[in-house]
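A.B. asks: What follows is a predicted protein model with its sequence.
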Amino acid sequence: MLASLLALAIAPLCPTAAPLDVTVDAGRGAVVVRVPAAYGSAPKSPLILMLHGYTATPNAVDATFGIEPWLDAYGFLYAKPIGPVDAFGVHYWNASSACCDFLGVGTDDSDYLAALIQEIKAQLDVDERRVYVIGHSNGGFMAHRLVCDHGDELAAIVSISGAGLGAQAPCASTAPVSVLEIHGTQDTFIRYAGGVLGGSQYPSSRDTFERCALRNGCSAGPSAPGQSFDVDELIVGSEAVSERYTNCSGQAEVELWTLIGSGHTIDLSPSATPAILQWLLDHARPGIDQQNYCAPAPLNSSGLPGHIRAHGSDILARHDLTLVVEGLPIGAPGLCLVSLDAVNAPLNGVLGPRCVGAVAARLMYLGSATNVSGSLDFVADPGLFALPAGTTVASGWTWHFQGWYRDGATTAMSDALSVTLR
């Protein structure tokens, strides 16, 4: 699984960035939001916040992990806010009792970052189902704090060399948020096995992993560690192993990457940064961005128009998009037509126009033709779509779907639906 993910992630082989800059201010001064070159070609763009560690700066942490050069390849908005300065003259985030408001100033960095996300949404077309946070060290603690305080704003976080908030920390939000915890076993600053910082205990990486699974309502145990893979450039060979919870509320997943022998600051391998980005973008909040057209369809013999909708997920990697054509005469057999093109063409002898172009697939109704609910369900498996040789279904493509069904002696069409796979 992870080997294929890492291979997939390096598909954009030459990342470049020539973004525009947008400046926002959530009350602590200007924060630059980098904008991908293709911004506007899709209705909305994902947003990634990068949170630095204690004593670090935004530019330093980005130089370490190399997120910004992949901006155009993956099409995300990118912001690197900076934490307040303590009496020692270093930047920090007030994430937990352990890290890293060591002088007890009590700044509310959680609400500030939530306000920053809202300000970015006010100025740019942000995909609200795909707002992400990556944090290193103190920034990883802060990412976990945001999950607890503002989880309804986030789809997923990545915590690198950080830790969760501990069993006693209040967690106001119960919204499912996917979590990827990445930690080296030889980290002497934030220890893999947990420890004490600022006079307070912080949990181990495994405790953080298990508590995130509990918070997300994961119902089954984690997968066994699979084949090792390479994350840390400084460790010879494949030092990383993964464990994952998948049966969680709201399609969330919780994953732990244990890096055998790695320390606190991890020099990511060439495949690791895009793999982390792909992991984020594969985890959206539940829902589907769908739009009907050619609506309403003509009334059929049931007195209703045939109507098509989708449920499941529009995340391509999840393979769980299902189309439902409803409002049909009881017992009506039918097909679901799939195309990359939208049209509006009358059909002789058919009730309603054809609203999809050249057909890439005809999804068959898998049950009997005596569906007593007046609806037909179709699993939209992209592997069944007929495409030119050497072409595979890619995220970002918009697909168009329409139901065709029998209505007594005639045939009829539902309205049509467009869904952009992510």
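C.D. replies: Nice, thanks for sending it over.

A.B. asks: going forward, measure contacts and count neighbours with C-alpha atoms only.
C.D. replies: Noted.

A.B. asks: The closest residue to Ala295 other than its chain neighbours: what's it in contact with?
C.D. replies: Of all residues not flanking Ala295 in the chain, Asp415 sits nearest, at 5.1 Å (Cα to Cα, 6 or more residues apart in numbering). By Cα atoms under 8 Å, 6 or more residues apart in numbering, the contact set of Asp415 is 292-297, 305-308, 355, 402-403.

A.B. asks: Of those residues, which belong to helices?
C.D. replies: Applying DSSP state H to the contacts of Asp415, no entry is found in helices.

A.B. asks: buried set for the helix or strand that contains Val147?
C.D. replies: Using DSSP states H and E, Val147 falls within helix 138-150. When neighbours are counted by 16 or more other Cα atoms under 10 Å, the buried residues of helix 138-150 are found to be 138-150.

A.B. asks: Can you verify my assumption that Ser134 contacts Ser161?
C.D. replies: To be clear, residue 134 is Ile; Ser isn't right here. No. Counting by Cα atoms under 8 Å, Ile134 stays clear of Ser161, with 11.0 Å between them.

A.B. asks: Would you give the sheet partners of the host helix or strand of the residue nearest to Ala295, along with the direction of each?
C.D. replies: For Asp415, the element it lies in under DSSP H and E is strand 410-420. The pairing partners recorded for strand 410-420 under DSSP bridges are strand 290-293 (antiparallel), strand 350-351 (parallel), strand 398-407 (antiparallel).

A.B. asks: can you give me the offset of the last one from its chain's centre?
C.D. replies: I take that to be strand 398-407. 28 Å (Cα atoms, centre = their mean, to the nearest Å).

A.B. asks: Include mean neighbour count when you put the strands paired with strand 410-420 into JSON lines, please.
C.D. replies: Output for these, formatted as JSON lines (neighbours: other Cα atoms under 10 Å):
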{"stretch": "strand 290-293", "mean neighbour count": "16"}
{"stretch": "strand 350-351", "mean neighbour count": "18"}
{"stretch": "strand 398-407", "mean neighbour count": "24"}
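
A.B. asks: Gln278: which of these is closest?
C.D. replies: strand 398-407 (19.2 Å; Cα to Cα).

A.B. asks: can you map out the helices along the chain?
C.D. replies: In the chain, the helices defined using DSSP H lie at 2-9, 58-65, 71-74, 109-123, 138-150, 205-215, 272-281.

A.B. asks: okay, these, which one's buried deepest?
C.D. replies: Among the helices of the chain, ranked by average contacts under mean count of other Cα atoms under 10 Å, first place goes to helix 138-150 (a mean of 27).

A.B. asks: Could you export it as PDB, CA atoms only?
C.D. replies: C-alpha atoms of helix 138-150 as PDB (Å, rounded to 0.1, in the frame of the first residue of the first chain):
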ATOM      1  CA  ASN A 138       6.000  22.400  18.700                       C
ATOM      2  CA  GLY A 139       4.100  22.900  15.500                       C
ATOM      3  CA  GLY A 140       3.000  19.200  15.700                       C
ATOM      4  CA  PHE A 141       1.700  19.800  19.200                       C
ATOM      5  CA  MET A 142      -0.100  22.900  17.900                       C
ATOM      6  CA  ALA A 143      -1.700  20.800  15.000                       C
ATOM      7  CA  HIS A 144      -3.200  18.500  17.700                       C
ATOM      8  CA  ARG A 145      -4.400  21.500  19.700                       C
ATOM      9  CA  LEU A 146      -6.300  22.700  16.600                       C
ATOM     10  CA  VAL A 147      -7.900  19.300  16.100                       C
ATOM     11  CA  CYS A 148      -9.200  19.500  19.700                       C
ATOM     12  CA  ASP A 149     -10.400  23.100  19.500                       C
ATOM     13  CA  HIS A 150     -11.400  23.600  15.900                       C
END
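
A.B. asks: what inclination does it have with respect to helix 109-123?
C.D. replies: Angular relation of helix 138-150 and helix 109-123 on a 0 to 180 degree scale: 80 degrees, by axes from the mean of the first three to the mean of the last three Cα atoms, to 10 degrees.

A.B. asks: Please work out the angle formed by the directions of helix 138-150 and helix 205-215.
C.D. replies: For helix 138-150 against helix 205-215, the angle by the same axes, to 10 degrees is 20 degrees.

A.B. asks: who's in contact with helix 138-150?
C.D. replies: 50-54, 92-96, 99-100, 110, 114, 133-135, 154, 157-165, 170-174, 177.

A.B. asks: Next one, pLDDT for Pro296 please.
C.D. replies: Pro296 carries a pLDDT value of 95.

A.B. asks: give me every residue that touches it.
C.D. replies: 305, 307, 415.

A.B. asks: where's the nearest residue to Gly164 once chain neighbours are set aside relative to Gly166, distance?
C.D. replies: Nearest non-adjacent residue to Gly164, counting by Cα to Cα, 6+ apart: Thr208, 5.1 Å away. For Thr208, the distance to Gly166 equals 8 Å [Cα to Cα, to the nearest Å].

A.B. asks: again with Asp111
C.D. replies: 20 Å.
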